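K.L.:
just coords:
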């Protein structure tokens, strides 16, 4: 059995995984079993625990929730102030985070989230509290990733990790989608490997996001390895979208005439695999998608 390191880095965050878990899947994507991926993001001086959340957040009250949440002071003119006291419910905080994110005030959303979670961390934690925290984190992470602000995502994740907050399946999926949109296939590979090593089972959306990121960068070998992982490791069954993403990757692949002919043959091989796995109606499931063949 291959023994994996107990800790490694992903997006600048120290992730602790289970040694030996999904070793074959991690190794198939080119992970080095005794080295940690590097990241340009460095923790602040004094360590990750030195990151502190503010107790007051200033923002422009240009959305309805700003006027309905306990603790928000809205003046006649200028910026509003939110004094984070922990009195607001999770639903109110979610509404505030949505409003800040949709209005483009991402720094204020980040600060609000950190302050709220830091206050809640001192209370008795249960499964419901953890689930609520995860939903709030996803509001901010999704907004940051949608705008390509992956360094800020990494900073938030470092802050979470310093406080012992686990990274769930949706968090990894958000990171993969965000880095995929920016064309950083190396970071996508790093995060996928980290997810498997940490014992977090990827769902179909996560696998498809990784495959899409690889195919957009022309990394068809990596994309095929994710599909093989889905099938041989029985992670999740490939869908019509999975195969169509592979088809699009092969059809748009550049190269010499010989290389393009080889890619075309592999594309028809993907169609055969789709029919074998999804049945004769498999290609029909692509109706409405951007079918390339």
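P.N.:
Sure, I can see it. Because the structure is a prediction, the values reported are computed rather than measured.
K.L.:
what is the least confident helix or strand in the chain?
P.N.:
Using mean pLDDT, DSSP states H and E, strand 7-10 stands out as the lowest-scoring helix or strand of the chain, at a mean of 41.
K.L.:
now residue 189: how far from residue 117?
P.N.:
Note on residue 189: its distance to residue 117, by Cβ to Cβ, to the nearest Å, is 30 Å. Any C-beta I mention is one placed from the backbone N, CA and C, and that applies to glycine too.
K.L.:
please disregard the earlier target; I meant residue 223.
P.N.:
On the measure of Cβ to Cβ, residue 223 and residue 117 end up 36 Å apart.
K.L.:
looking at the two, which one has more neighbours?
P.N.:
With neighbours defined as other Cβ atoms under 10 Å, residue 223 and residue 117 compare such that residue 223 has more, 24 against 20.
K.L.:
quick one, what contacts the more buried one?
P.N.:
210-211, 214-215, 245-246, 249 (Cβ atoms under 8 Å, 6 or more residues apart in numbering).
K.L.:
how about the helices in the stretch 51-200 of the chain?
P.N.:
Using DSSP state H, counting those that start in this stretch, the helices found in the stretch 51-200 of the chain span residues 90-102, 106-120, 127-146, 150-162, 169-181, 185-197.
K.L.:
show the backbone phi and psi for residue 259.
P.N.:
The phi/psi pair for residue 259 (degrees, to the nearest 10) reads phi -70, psi -40.
K.L.:
now the spatially most distant residue from the centre of the chain: how far from residue 61?
P.N.:
When distances are taken from the C-alpha mean of the chain, residue 76 lies farthest, 39.2 Å away, according to Cα atoms, centre = their mean. According to Cβ to Cβ, residue 76 and residue 61 sit 11 Å apart.
K.L.:
do residue 72 as well
P.N.:
7 Å.
K.L.:
so what's in contact with the two at the same time?
P.N.:
With contacts defined as Cβ under 8 Å, 6+ apart, the residues shared by residue 72 and residue 61 are residue 80.
K.L.:
circling back: mean pLDDT for the helices of the stretch 51-200 of the chain - can I get that in JSON lines?
P.N.:
Below are those laid out as JSON lines (pLDDT from 0 to 100):
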{"stretch": "helix 90-102", "mean pLDDT": "91"}
{"stretch": "helix 106-120", "mean pLDDT": "87"}
{"stretch": "helix 127-146", "mean pLDDT": "80"}
{"stretch": "helix 150-162", "mean pLDDT": "87"}
{"stretch": "helix 169-181", "mean pLDDT": "89"}
{"stretch": "helix 185-197", "mean pLDDT": "91"}
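K.L.:
and these as TSV, adding distance to residue 55?
P.N.:
Converted to TSV, the helices of the stretch 51-200 of the chain look like this (distance: least, Cβ to Cβ, whole Å):
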stretch	distance to residue 55
helix 90-102	15
helix 106-120	6
helix 127-146	17
helix 150-162	15
helix 169-181	26
helix 185-197	32
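K.L.:
tell me which of these lies nearest to residue 263.
P.N.:
Of all these, helix 185-197 sits nearest to residue 263, with 17.6 Å by Cβ to Cβ.
K.L.:
what angle do whatever helix or strand comes next after that closest one and helix 185-197 make?
P.N.:
For helix 185-197, the following helix or strand on the C-terminal side (DSSP states H and E) is helix 204-216. Interaxial angle of helix 204-216 relative to helix 185-197 (axes from the mean of the first three to the mean of the last three Cα atoms, to 10 degrees): 150 degrees.
K.L.:
which outside residues touch helix 204-216?
P.N.:
169, 172-173, 176-177, 179-181, 183, 185, 188-189, 192, 195, 202, 220, 222-223, 226-227, 229-230, 235-239, 241-242, 245-246, 248-249.
K.L.:
buried only: go through those for me.
P.N.:
Buried members of the contacts of helix 204-216, counted by 16 or more other Cβ atoms under 10 Å: 172-173, 176-177, 179-181, 185, 188-189, 192, 195, 202, 220, 222-223, 226-227, 229-230, 235-236, 238-239, 241-242, 245-246, 248-249.
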